[in-house]
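>>> Here is a sequence with its predicted model. Questions after.
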Amino acid sequence: MSLTRQDVEKIAHLARLSITAQEMPVYVSSLSSIVNFVDELSRADTEGVLPMAHPLDGQHQRLRVDAVSETDHHEKYQRNAPAVTAGLYVVPRVIE
Amino acid sequence: MLHNLSIGELADRLIKRQISSTELTQHFLGRIERLNPALNAMITLTQKQALADAAAADARLAAGERGPLLGIPLIHKDIFCTDGVKTSCGSRMLDNFVAPYDATVVARLKAAGTVMLGKSNMDEFAMGSSNETSYYGPVKNPWDTSKVPGGSSGGSAAATAARLTPFATGTDTGGSIRQPAALTGVTGLKPTYGRVSRYGMIAFASSLDQAGVFTRSAADAAAVLQAMAGFDPRDSTSVDVPVPDYSSDLSQPLKGMKIGLLREFFEGLEPRNAALLEDALNIYTGLGAETFQVSLPHLPLSVPTYYVVAPAECSSNLSRFDGVRYGYRCENPKDLMDLYKRSRGEGFGAEVKRRIMTGTYVLSAGYFDAYYLKAQKARRLITDDFRAAFAKVDLVIGPTTPTPAFDIGAKMDDPVLMYLNDIYTIGANLAGLPGVSVPCGFVDGLPMGLQLIGPHFAEAKLLNAAHQYQQATDWHTHTPRGYA
């Protein structure tokens, strides 16, 4: 199954990835070949089989006690931020 | 030579004060300085911190403290967060990222008294089987520097094979410890899913990722696993199962051990690979093990299943890299959408973008059932096949890789060709099973590995079987020329 350029543009948009016009044909071709490859799965008989999200059965989301266990490290964690003002992450204007 | 001693032998000399951790650390730092440029196995060296850690270990030893890893140097794959030290995950996206905390794996090995020499090179975001997708350039195989070391933990594998470190940590999502271990002639262990904490280990595919180790012997792997394994409340998929003493069972005789020969692994195996496996089977039967034919009929679905599940999970995990709070941000973003798209478009390499897009596609409306849900069903079939096999045998044996190390650049044009390198390793990740690769011979002068896979939490048995094989053979002692 081949993907079209429009398919790839739509996927790239959903994934918030910029793909240049030059790169696009390579991605169309390699994604098509990957999708072709995984299409093999459609031939498998999975009638009545339950999907498996985890490799170990019987795992469930553990809950913890609702008690404070961490302290404020925002200064340390924000050292990696591209742009910070007054403890807030700065991004281009979102709301007009 | 110090770099050819096992972890046990090094620990012994440290305790007897025949060497200090500082001398040991300087020895390995010296080797890295001389020998790493030809291999490109490292992204960050932490010389000052290493010498400080070594001095601290020496103080602990002088005070009478004992421990199997106290004072022993190591290298961490650059996927583990290391407090105050750059953690890049092999990507431009995190080239400027200094981790503000230690991964649990890092913290546990630190508490055991290890000395971190630095962070090793890897395929970007752990996506690759050749260590060619790294932002920092490919890693070379010490056995032949025109060849790949395998991936994604290529740096850790190459460094261990080149004796730049007694051991190195790695991660294995589709084979990223076992495959490079095989291609570089070292021992590589992937524990059971949930055995080792994933806290602080940059996530690729959350239901598949597992931390493990590269060593030059199963006995060394047992010592390291002992420190790494165990329940961690900070990892919601960490399993609360007691940690056995991995070293105490190493020398158990193999008499009566039932080893399954996976039909699907042996079918179509390249003759020289098959010959090495045949020799290994003779060793095992000579040691008293019994071999049985087993079949995992759904195993051929593993590679397509993985290449739906792993990209799907990665597309979700990598959505956190948005140029806002940390990591790469593009210059002069016009608006928020442009910030996201170009930070990610420029920050990520081609393979990562391919996998994010594959994942986005298979999870998207209209395709979710046909691909993702279908793959999860196939995953159950594969897991059930393994379970049925382990009702009959203790362990399963087979090759680790279809071929020895291939040329750098040989498979970069065709992603699917690259994906087929994982054909023997992926099943264990899908089923969450532990697996180990040990050196078993050479093809064209390049190392080959044999793989043992066990049921959940059977690491002690796996290491026992690997150790006994290594007592009866010497493949694991071979050193690449120039690194002895």
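Arrived safely, thanks for sending.

>>> and the residue of chain A found nearest chain B, helix, strand or coil?
Closest residue of chain A to chain B, Cβ to the nearest Cβ: residue A:55 (2.6 Å). Every residue, glycine included, has its C-beta placed from N, CA and C. For residue A:55, the secondary structure call by DSSP: H, G, I helix; E, B strand; the rest coil comes out as coil.

>>> so it makes contact with residue B:386?
No - counting by Cβ atoms under 8 Å, residue A:55 does not reach residue B:386; the two are 10.0 Å apart.

>>> Between those two, which contacts overlap?
Taking Cβ atoms under 8 Å, 6 or more residues apart in numbering or on different chains as the criterion, residue A:55 and residue B:386 both touch B:431, B:433.

>>> If you tally nearby residues, what's the number for the residue of chain A closest to chain B?
24 (other Cβ atoms under 10 Å in any protein chain shown).

>>> Also the one 3 residues further on?
If you count neighbours by other Cβ under 10 Å, residue A:58 ends up with 6.

>>> Nearest residue to the residue most central in space within chain A in space, please, no chain neighbours.
Note on chain A: the residue nearest the mean C-alpha position is residue A:15, at 6.8 Å, using Cα atoms, centre = their mean. Leaving aside its sequence neighbours, residue A:15 sits nearest to residue B:360 (Cβ to Cβ, 6 or more residues apart in numbering or on different chains; 4.4 Å).

>>> What of residue B:293?
Computed as Cβ to Cβ, 6+ apart, the closest residue to residue B:293 that is not its neighbour in sequence is residue B:261, at 5.7 Å.

>>> contacting residues for the residue of chain A closest to chain B?
Applying Cβ under 8 Å, 6+ apart, the residues contacting residue A:55 are B:193, B:207-208, B:379, B:383, B:429-433.

>>> now, which of those residues sits nearest residue B:55?
Among the contacts of residue A:55, residue B:193 lies closest to residue B:55 (Cβ to Cβ), at 37.3 Å.

>>> Does the closest one touch residue B:210 like I think?
Yes - look at residue B:193 against residue B:210 with Cβ under 8 Å: they come within range, at 5.5 Å.

>>> Mutual contacts of the two, please.
residue B:429.

>>> picking up where we left off before, quick check: phi and psi at the residue nearest to the centre of chain A.
Dihedral pair for residue A:15: phi -90, psi 0, per degrees, to the nearest 10.

>>> which residues sit in contact with it?
Applying Cβ under 8 Å, 6+ apart, we find residue A:15 in contact with B:315, B:344, B:356-357, B:360.

>>> switch to 10 Å and redo it
Residues near residue A:15 by Cβ atoms under 10 Å, 6 or more residues apart in numbering or on different chains: B:315, B:318-319, B:340-341, B:344-345, B:348, B:353, B:356-361, B:364.

>>> What about residue B:153, how many residues nearby?
When counting by other Cβ under 10 Å, one arrives at 38 neighbours for residue B:153.

>>> quick one: pLDDT of it?
At residue B:153, the model reports a pLDDT of 98.

>>> list the contacts for it?
Contacts of residue B:153 by Cβ under 10 Å, 6+ apart are B:77-79, B:120-123, B:126, B:128, B:131, B:139, B:159-160, B:168-172, B:175-181, B:188, B:212-214.

>>> Need the nearest residue in space to residue 73, chain neighbours excluded.
No chain was given, so I picked chain A. residue B:100 is the one closest to residue A:73 (Cβ to Cβ, 6+ apart), at 6.9 Å.

>>> The intended chain is chain B.
Nearest non-adjacent residue to residue B:73 (Cβ to Cβ, 6+ apart): residue B:115, at 4.5 Å.

>>> swap in residue A:52?
Nearest to residue A:52 is residue B:380, by Cβ to Cβ, 6+ apart, at 4.0 Å.

>>> Is residue B:11 in a helix, a strand, or coil?
Residue B:11 is classified as helix under three-state DSSP.

>>> Quick check, it in contact with residue B:5.
Yes - contact criterion Cβ atoms under 10 Å: residue B:11 and residue B:5 qualify, at 9.5 Å.

>>> okay, these two: which has more neighbours?
Each of residue B:11 and residue B:5 has its neighbours counted (other Cβ under 10 Å); residue B:11 has more, 22 against 17.

>>> Spell out which helix or strand contains residue 68, please.
All of this is about chain A. Residue A:68 is part of no helix or strand when elements are defined by DSSP states H and E.

>>> Report the contact partners of whichever residue of chain B sits closest to chain A.
For chain B and chain A, the shortest gap (Cβ to the nearest Cβ) falls at residue B:432, measuring 2.6 Å. By Cβ under 10 Å, 6+ apart, the contact set of residue B:432 is A:52, A:54-57, A:59, B:191-195, B:207-208, B:210, B:237, B:239, B:379, B:383, B:386, B:456-457.

>>> I'd guess it is in a strand, am I close?
No - assignment of residue B:432 by three-state DSSP gives coil, placing it outside any strand.

>>> Tell me which residues touch the residue nearest the centre of chain B, please.
Nearest to the mean C-alpha position of chain B, by Cα atoms, centre = their mean, lies residue B:177 at 2.3 Å. By Cβ under 10 Å, 6+ apart, residue B:177 lies in contact with B:77, B:150, B:152-153, B:156-157, B:168-171, B:186-191, B:210-214, B:425, B:435-437.

>>> Ramachandran coordinates for it?
Backbone torsions of residue B:177, given as degrees, to the nearest 10, read phi -110, psi -50.

>>> For residue B:290, see how far away it is.
28 Å (Cβ to Cβ, to the nearest Å).

>>> max-length helix in chain A?
With secondary structure taken from DSSP state H, chain A has its longest helix at helix A:24-38.

>>> quick check: mean pLDDT across that one?
Averaging pLDDT along helix A:24-38 yields 92.

>>> Repeat that for stretch B:476-484.
Mean pLDDT, stretch B:476-484: 96.

>>> Pull out the buried positions in that stretch.
For stretch B:476-484, the neighbour count (16 or more other Cβ atoms under 10 Å in any protein chain shown) marks B:476, B:479-480, B:483 as buried.

>>> Contacting chain A as well, which ones from those residues?
When Cβ under 10 Å from any Cβ of the partner chain is applied, no member of the buried residues of stretch B:476-484 is adjacent to chain A.

>>> of all those residues, which comes closest to residue B:21?
Taking Cβ to Cβ as the measure, residue B:483 is the one of these closest to residue B:21, at 22.2 Å.

>>> Could you list which residues are in contact with that closest one?
Going by Cβ under 10 Å, 6+ apart, residue B:483 touches B:3-4, B:31, B:35, B:38-39, B:142-143, B:158, B:161-164.

>>> what about it, which helix or strand?
Under the criterion of DSSP H and E, residue B:483 resides outside all helices and strands.

>>> Not counting sequence-adjacent ones, nearest residue to it?
residue B:162 is the one closest to residue B:483 (Cβ to Cβ, 6+ apart), at 4.5 Å.

>>> Could you verify my assumption that the one you found touches residue B:4?
No - counting by Cβ under 10 Å, residue B:162 sits too far from residue B:4 to count as a contact (11.7 Å).

>>> Counting neighbours, go ahead and name the busier of those two.
Taking neighbours as other Cβ under 10 Å, residue B:162 and residue B:4 compare with residue B:162 leading, 27 against 13.

>>> so what's that one up against?
Residues near residue B:162 by Cβ under 10 Å, 6+ apart: B:3, B:31-32, B:35-36, B:38-39, B:41, B:140-143, B:149, B:184, B:186, B:479-480, B:482-483.

>>> what mean pLDDT does the strand or helix carrying residue B:382 have?
Secondary structure from DSSP H and E places residue B:382 in helix B:374-390. Averaging pLDDT along helix B:374-390 yields 96.

>>> can you check stretch A:58-67 too?
88.

>>> cool, and stretch B:437-451?
Stretch B:437-451 shows an average pLDDT of 97 in the prediction.

>>> can you map out the helices along the stretch 1-150 of chain B?
With DSSP state H, counting those that start in this stretch as the criterion, the stretch 1-150 of chain B has helices at B:7-15, B:21-35, B:47-62, B:104-111.
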